[in-house]
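Asks: build me a structure from this.
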Amino acid sequence: MKSFGGSLQQRLDDAGELIDAAVAAAEAEYPGAGLDLLVLPEFAIASGQGMLAHEQAVKLEGAVQAALGAKARQYHAYLVVPMIMDEGEQYSNAAVLYDRSGNVAGIYRKVYPMADIDNVIEGGITPGAEYPVFDCDFGKLGMLICWDMAYDDGWEALARKGAEVVALCSASPQTVRPASQALRRHYYVVSSTPRNNASIFNPMGLVDAQITDAGVLVRQLDLSYAILHWSEKLHNGQAFTRRFGDRVGYCYSEREDTGIFWSNDTNISIGSMTRELGFREMNAEIERVRQIDDAARGYQRGQP
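Replies: Numbering: from 1, shown residues only. The predicted structure follows:
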């Protein structure tokens, strides 16, 4: 969590220092694991000159590519880098994804940039039109930028395309919107903000990790998980512990009557564990109860 300012070079230097700090924090917390993904906040990279888009915009090629491509390559990590991007015929509020080799793996352009009271869109930004999902070696990554979070269509499109993690680069510290979408869509949301609440929301809609002061937030996630609702046989997750011991891990919330479960054993998946114990994942359980209740009402969905 950091506020970026000053010239383009100052911002690139600050980004480099933040990446160095994140790698060091990851090594301290998870020795030998390395860093898979780092997400910077909205407006991290810009020229630092004036307020209009054409004054702030910078080319991706040149200094930006040289500095941040080198950092991605140095640490063999994916980087999500928001920038005001000069694309020649237009200016975009964009998030650039660098792969582990330092190459540009994709670009997301903010679909819903903010309009001011005079209906000017972020000083001359052109809105994007697509919600791409990128195949990374750790999973499928979607990206949104700040005000995008107010609209369901982006969240829904990313879920439909199979996103497992959504990087939310933001200038706003909001938590309610991204938390609700993490729950609704059942993916992780990683928000990077310059103030207050840089957070990771799990697919239960709960804060998995958060910092409220300047610094970096590092968290190891397992994207192979099962979400289970309360049942009398689950015993708040103890049913898994009794059967699988430390081969299973989970975080169960009595407040939400829901838990997220994962396997610590490479020889058996959490899906196999769940089926062995006779449980259904939450979405399947919701649909099962819906069908029973519909039948009891004599209601058949899809019929007039």
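Asks: and the strands in the stretch 1-150 of the chain, which stretches?
Replies: Ranges of strands in the stretch 1-150 of the chain, per DSSP state E, counting those that start in this stretch, are 37-39, 78-86, 91-98, 104-109, 133-136, 139-145.
Asks: what about the third one, distance to the chain center?
Replies: Mean C-alpha position of strand 91-98 versus that of the full chain (C-alpha atoms, centre = their mean, to the nearest Å) differs by 16 Å.
Asks: tell me the mean pLDDT for it?
Replies: Average pLDDT, strand 91-98: 98.
Asks: got the angle between it and strand 78-86?
Replies: 160 degrees (axes from the mean of the first three to the mean of the last three C-alpha atoms, to 10 degrees).
Asks: direction included, what does strand 91-98 pair against?
Replies: strand 78-86 (antiparallel), strand 104-109 (antiparallel) (DSSP bridges).
Asks: deepest of those, which one?
Replies: strand 78-86 (a mean of 25; mean count of other C-beta atoms under 10 Å). All C-beta atoms are positioned from the backbone trio N, CA, C, and that covers glycine.
Asks: as PDB, could you dump the C-alpha coordinates of that one?
Replies: Provided in PDB are the C-alpha atoms of strand 78-86 (Å, rounded to 0.1, in the frame of the first residue of the first chain):
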ATOM      1  CA  TYR A  78       3.900 -11.700 -12.500                       C
ATOM      2  CA  LEU A  79       3.300  -7.900 -12.100                       C
ATOM      3  CA  VAL A  80       0.000  -6.000 -12.500                       C
ATOM      4  CA  VAL A  81       1.100  -2.400 -13.200                       C
ATOM      5  CA  PRO A  82      -1.600   0.300 -13.600                       C
ATOM      6  CA  MET A  83      -0.700   3.300 -15.700                       C
ATOM      7  CA  ILE A  84      -2.100   6.100 -17.700                       C
ATOM      8  CA  MET A  85      -1.100   4.800 -21.100                       C
ATOM      9  CA  ASP A  86      -0.400   6.800 -24.300                       C
END
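Asks: ok, which of the strands of the stretch 1-150 of the chain comes nearest residue 236?
Replies: strand 139-145 (27.9 Å; C-beta to C-beta).
Asks: what strands line up against the closest one, and which way round?
Replies: Sheet partners by DSSP bridges: for strand 139-145, these are strand 133-136 (antiparallel), strand 165-169 (parallel).
Asks: hmm, back to that, nearest to residue 48, of the strands of the stretch 1-150 of the chain?
Replies: strand 78-86 (10.1 Å).
Asks: returning to what we had before: redo the strands of the stretch 1-150 of the chain as JSON lines? Include distance to residue 212.
Replies: Shown next, in JSON lines, are these (distance: least, C-beta to C-beta, whole Å):
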{"stretch": "strand 37-39", "distance to residue 212": "17"}
{"stretch": "strand 78-86", "distance to residue 212": "21"}
{"stretch": "strand 91-98", "distance to residue 212": "23"}
{"stretch": "strand 104-109", "distance to residue 212": "27"}
{"stretch": "strand 133-136", "distance to residue 212": "28"}
{"stretch": "strand 139-145", "distance to residue 212": "22"}
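Asks: closest one to residue 223 among these?
Replies: Of all these, strand 139-145 sits nearest to residue 223, with 4.7 Å by C-beta to C-beta.
Asks: so after that closest one, what's the next helix or strand?
Replies: Remark: after strand 139-145, the chain's next helix or strand is helix 152-160, criterion DSSP states H and E.
Asks: the one helix or strand residue 181 maps to relative to strand 165-169, how many degrees between them?
Replies: Assigned by DSSP H and E, residue 181 belongs to helix 176-185. Interaxial angle, helix 176-185 versus strand 165-169 (the same axes, to 10 degrees): 170 degrees.
Asks: going forward, count from 504.
Replies: Happy to do that; since the first residue is 504 now, the last one works out to helix 679-688.
Asks: elements contacting helix 679-688?
Replies: Here helix 679-688 touches helix 655-663, strand 668-672, strand 691-695, strand 701-704, going by 3 or more C-beta pairs under 8 Å, 6 or more residues apart in numbering; DSSP states H and E.
Asks: and residue 586, which of these is closest to it?
Replies: strand 668-672 (9.8 Å).
Asks: could I have that closest one exported to PDB, CA atoms only?
Replies: The C-alpha coordinates for strand 668-672 follow below in PDB (Å, rounded to 0.1, in the frame of the first residue of the first chain):
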ATOM      1  CA  VAL A 668      -8.300 -14.300  -8.900                       C
ATOM      2  CA  VAL A 669      -9.300 -10.700  -9.600                       C
ATOM      3  CA  ALA A 670      -6.700  -8.000  -9.200                       C
ATOM      4  CA  LEU A 671      -8.500  -4.800  -8.200                       C
ATOM      5  CA  CYS A 672      -6.200  -1.800  -8.700                       C
END
